[in-house]
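> quick one, structure for this:
(chains A and B)
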Amino acid sequence: MPSLCFKKPPVSEKRLVIGVGALEVSKDPGAVLTIFSLGSCLGVAIYDPVVRAGGLLHAMLPDSSINPARAGERPAMFVDTGLAALFRAAYQLGAEKHRLRICVAGASHFMDDSGFFNIGQRNFQQFTDILRHHGLAIAAQEVGGFVSRTMQLRIGAGAVCLKTSGQNSETILYRS
Amino acid sequence: MQILDDYINKVKSLPPAPRILAQLLTLLNDAEIDAGRIVDLITFDPGLTAKLLQRCNSAAAGLAEPVYDLRQAVSLMGFNAIYRMVATVVGEGILGSAQRGYGISSGELWQHCATAGLAAKVIADKLGAETELVFTAALLHDIGKIVLNGFLEGAYEPALKLTGVSGQSFLEAEKSILGVEHAEIGGRLLARWNFPETLVKAVWHHHDPARACPHQQLAGYVYLADLIAHCLGQGQGYQSFAIRGRPEVLEMLEISPKEIEDFVIQTALSVEMANWIIPHRS
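Numbering: from 1, shown residues only, chains lettered A, B, ... in the order given. Next up is the predicted model:
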């Protein structure tokens, strides 16, 4: 398969970097949304293949209840408020809930059975709980492990790509 | 331990010793800070001085008027802010290059260490620790990797890619491959460069703080700062999350898991404000 992702962009591409605690949505076919270096954070890509719109969330912590004021300012910092904000923003572009393809990556963890530093696991658990509550399914995922990852959503192709730190190869996690 | 010193001696391109940091840390620790000596020490290096003035005059520093010499910069920003600026200029020089034996690209080790430095400052400010010492220890905690990198490159990379999955931590994998690991080598290097004993031990035991006794507190801060940097995605390279959990560190530092999440948030905000961390590029 020809390489789809992480290539030098043509001039028509609009590259957007999604920092920690941020999200973006777009229906511009030239938009390429990228999260560099997902550690225990969660990267969530959603895409509606009918209206060809999607978005990418870079959430840091599972639960906004630890800092509601911060969640008010930056909902994308937390998985619960971030997911709600991501879906709302996609609906503004004409996306519909049950058409959305949902991909998730990140949530790396340390070698720790005691769970003292289990932010990655809790981020993913929160995510799956919320999806289950809303009757939504995951289209593709690559979570856990001991690596950091770069995640990309290409709106035009409706594709989600991943690159693992320390490896030259890239993978296509999902393609519509 | 001759074998460990041999590793340090064999490295062809060891960076120049950041002696200025060790000297400045000592001066900052004096009851009465000698402004003249601090300025003299820094201005002895014209390249460093020029970079500092450039950063002082950047928009991010937020000074109302431009500064033209270091004495003026110190009086406007304070010793501690200037010290941290020196540490970041020096640190980037030492840690900026690629470490291919670890699967770390150019700039990535520095981004990791800089993020850990900011996390350590957040922790130190909150817990009332000596900020500059904690910041420096975290900034330099992985310096041993620049010593071991060349020995790992090539033949050992397949083994490193299996750490964690194989049940071995990254540190244990280094030890089984080379007979040494980066934390100890880093501590030895910093001792050779005359850094304070407490900082040397904190770096040496940053993966197992309890062993740094009686300096376990500082080692604990560095351990947590390292994990926080990983959480924020600044932990690149092969299987870099294959780090042993040390729940006893929370008890030792008397902090709760909720406080760790607060530290993560504060660190992420500090990173956003810092103009001296190399931005990400694909």
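
> excluding covalently adjacent residues, which one is nearest to residue A:109?
Nearest residue to residue A:109, sequence neighbours excluded (Cβ to Cβ, 6 or more residues apart in numbering or on different chains): residue A:120, at 4.2 Å. In short, each C-beta sits where N, CA and C put it, glycine included.

> out of everything not next to it in sequence, what's closest to the residue most central in space within chain A?
In chain A, the residue lying closest to the centroid (Cα atoms, centre = their mean) is residue A:44, at 2.1 Å. With Cβ to Cβ, 6+ apart as the criterion, residue A:44 has its nearest non-adjacent residue at 4.4 Å, and that residue is residue A:57.

> ok, back up a step: need the contact list for the residue nearest to the centre of chain A.
Neighbouring residues of residue A:44 by Cβ atoms under 8 Å, 6 or more residues apart in numbering or on different chains: A:56-57, A:59, A:82-83, A:86, A:102-104, A:127.

> can you check residue B:91 too?
For residue B:91, the contact set (Cβ under 8 Å, 6+ apart) comprises B:18, B:110, B:113-114, B:117, B:139-140.

> from these, which two are the most distant?
Greatest spacing in the contacts of residue B:91, by Cβ to Cβ: B:18 and B:114 (14.5 Å).

> can you list the weak-confidence ranges in the chain?
I went with chain A, as the question did not name one. Low-confidence segments of chain A, defined by pLDDT under 70: A:1-4, A:6-11.

> switch to chain B, please.
Applying pLDDT under 70 to chain B flags the ranges B:1-4, B:12-13, B:275-282.

> can you classify the residue of it most remote from its centre by secondary structure?
Seen from the C-alpha centroid of chain B, the residue lying at the greatest distance (Cα atoms, centre = their mean) is residue B:65, 31.2 Å away. With DSSP: H, G, I helix; E, B strand; the rest coil as the basis, residue B:65 sits in coil.

> now swap in residue B:14 and tell me
Classification of residue B:14 using three-state DSSP returns coil.

> wait, isn't it in contact with residue B:149?
No - judged on Cβ atoms under 8 Å, residue B:14 makes no contact with residue B:149 at a distance of 11.1 Å.

> who has more neighbours out of the two?
The residue with more neighbours, out of residue B:14 and residue B:149, is residue B:149; 19 against 13, by other Cβ atoms under 10 Å in any protein chain shown.

> strands of chain A, start to end?
Taking DSSP state E, the strands of chain A run over residues A:14-17, A:22-26, A:31-38, A:42-48, A:53-59, A:101-106, A:140-143, A:149-154, A:159-164, A:170-175.

> quick one: strands adjacent to the fourth one?
Which is strand A:42-48. strand A:53-59 (antiparallel), strand A:101-106 (antiparallel) (DSSP bridges).

> just want the angle from the last one to strand A:159-164.
Pointing back at strand A:101-106 there. 10 degrees (axes from the mean of the first three to the mean of the last three Cα atoms, to 10 degrees).

> next one: strand A:101-106 to chain centre, how far?
Its chain's average C-alpha position is 5 Å from that of strand A:101-106, according to Cα atoms, centre = their mean, to the nearest Å.

> same question for the first one.
Going by Cα atoms, centre = their mean, the spacing between the C-alpha centre of strand A:53-59 and its chain's C-alpha centre is 5 Å.

> what angle do it and strand A:31-38 make?
Angle of strand A:53-59 versus strand A:31-38, following the same axes, to 10 degrees, is 20 degrees.

> repeat for the shortest one
Computed with the same axes, to 10 degrees, the direction of strand A:101-106 lies at 30 degrees from that of strand A:31-38.

> contacts for strand A:101-106, please.
Strand A:101-106 is contacted from outside by A:38-49, A:120, A:123-124, A:127, A:131, A:136-143, A:149, A:151, A:158, A:160, A:162, A:173-174, A:176, using Cβ under 8 Å, 6+ apart.

> now do the first one
When contacts are taken as Cβ under 8 Å, 6+ apart, the neighbours of strand A:53-59 outside the stretch itself are A:18-27, A:33-35, A:38, A:41-48, A:76-79, A:82-83, A:85-86, A:89-90, A:93-95, A:123, A:151, A:153, A:155, A:158.
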